[in-house]
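Asks: how does the following fold in three dimensions:
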Amino acid sequence: MGKNNQKINKSPIQKTILALESELVPLVQKRLGKNAVTLLATGGCATFDAVLGWSDYDLIVLAQDKEKVPKIDFRALEKKYGIKPIQLAAKPWDSFCNRVAGNRKADRFVDTSWLIAMRTCTRVLAGKELVALIPPLKTLLKRDLECELRCDYLHETNSDPEWNIVLAKNPKRWINCIISLSHHFLLAKGIAVRKADIPKTLKRTYPNFKGAPLVAEAIKIRATGKIPAINSPEGRRAKKLLVDFLRVYREYLFN
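Replies: Predicted structure coming up:
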């Protein structure tokens, strides 16, 4: 387990996440073997800013060979700890090394914003420690992070129905998209905060950005732990929040 797990005041959600990880990490290590360079927790479960009933557990492996990472059935652990889905995503180790070096060989899924996140809001669960390999924030912030933010927007609004977030029939994804994009907005300034603090930090950091109230409402929905039904008033409100947020996000970045 990561060293920073040893010095925290454990809240109920922290205890749940750490108990889950005590079973999850050995299971994943056994299945991945030497192909895994580093195993990371990201998102709310990495910072213990999760909400039971809402939050996913996002697990990332930096792998020597991404194509050899197997699918793992986590349903028993999801049921036991009430955190679902547990999602394992693989990123290539060589792409990480290329992004650290600042060359053009890294793919978009290992971008500079992700390096900033690794410095500020991820946890290494097993394997190689990475922070010492990553350039300092001052160096990372000199890279073209606005380009990455525009790519985030274009990815979420891709014309392919499989990827387009607006066409997704999933209010949880809509709300999480708003929060994720706003979080990346702050990472582009080297800032990582708890989700409850994103709206006020957005106002302070981007005074001309009009999306902070929309983010605040999305975070309130997430805090309930209840996922709205798609055809309920709450579900329709979640979609309107997403559409409005994407509009102001686009206006800010592209105008």
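Asks: can you pull up the most central residue in this protein?
Replies: Central residue of the chain (Cα atoms, centre = their mean): G43, 4.2 Å from the mean position.
Asks: wait, that one touches D56, no?
Replies: Yes: judged on Cβ atoms under 8 Å, G43 makes contact with D56 at a distance of 6.7 Å. For every residue, glycine as well, the C-beta is placed using N, CA and C.
Asks: in this protein, where is pLDDT below threshold?
Replies: 1-9 (pLDDT under 70).
Asks: so it: which segments form each domain?
Replies: 3-141, 147-254 (automatic domain parsing).
Asks: ranges for the strands of the stretch 51-200 of the chain?
Replies: 57-63, 86-92, 123-127 (DSSP state E, counting those that start in this stretch).
Asks: could I get those strands as CSV with distance to P213 and mean neighbour count?
Replies: Putting the strands of the stretch 51-200 of the chain into CSV (distance: least, Cβ to Cβ, whole Å; neighbours: other Cβ atoms under 10 Å) gives the following:
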stretch, distance to P213, mean neighbour count
strand 57-63, 27, 23
strand 86-92, 30, 18
strand 123-127, 31, 19
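Asks: wait, which of these is closest to A218?
Replies: Closest approach to A218 among these is made by strand 57-63 (17.9 Å; Cβ to Cβ).
Asks: so that closest one versus strand 86-92, what angle?
Replies: Strand 57-63 runs at 20 degrees relative to strand 86-92, counting by axes from the mean of the first three to the mean of the last three Cα atoms, to 10 degrees.
Asks: give me the sheet partners of strand 57-63 and which way each runs.
Replies: Neighbouring strands of strand 57-63 in its sheet, by DSSP bridges, are strand 36-42 (antiparallel), strand 86-92 (parallel).
Asks: quick one: which of the ones you listed is nearest A223?
Replies: Closest of the strands paired with strand 57-63 to A223 is strand 36-42, at 19.9 Å (criterion: Cβ to Cβ).
Asks: could you export that closest one as PDB, CA atoms only?
Replies: C-alpha atoms of strand 36-42 as PDB (Å, rounded to 0.1, in the frame of the first residue of the first chain):
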ATOM      1  CA  ALA A  36       2.500  -4.000 -13.900                       C
ATOM      2  CA  VAL A  37       5.000  -1.200 -13.300                       C
ATOM      3  CA  THR A  38       2.800   0.900 -11.000                       C
ATOM      4  CA  LEU A  39      -0.800   0.600  -9.600                       C
ATOM      5  CA  LEU A  40      -2.600   3.800  -8.800                       C
ATOM      6  CA  ALA A  41      -5.800   4.900  -7.300                       C
ATOM      7  CA  THR A  42      -7.300   8.000  -8.900                       C
END
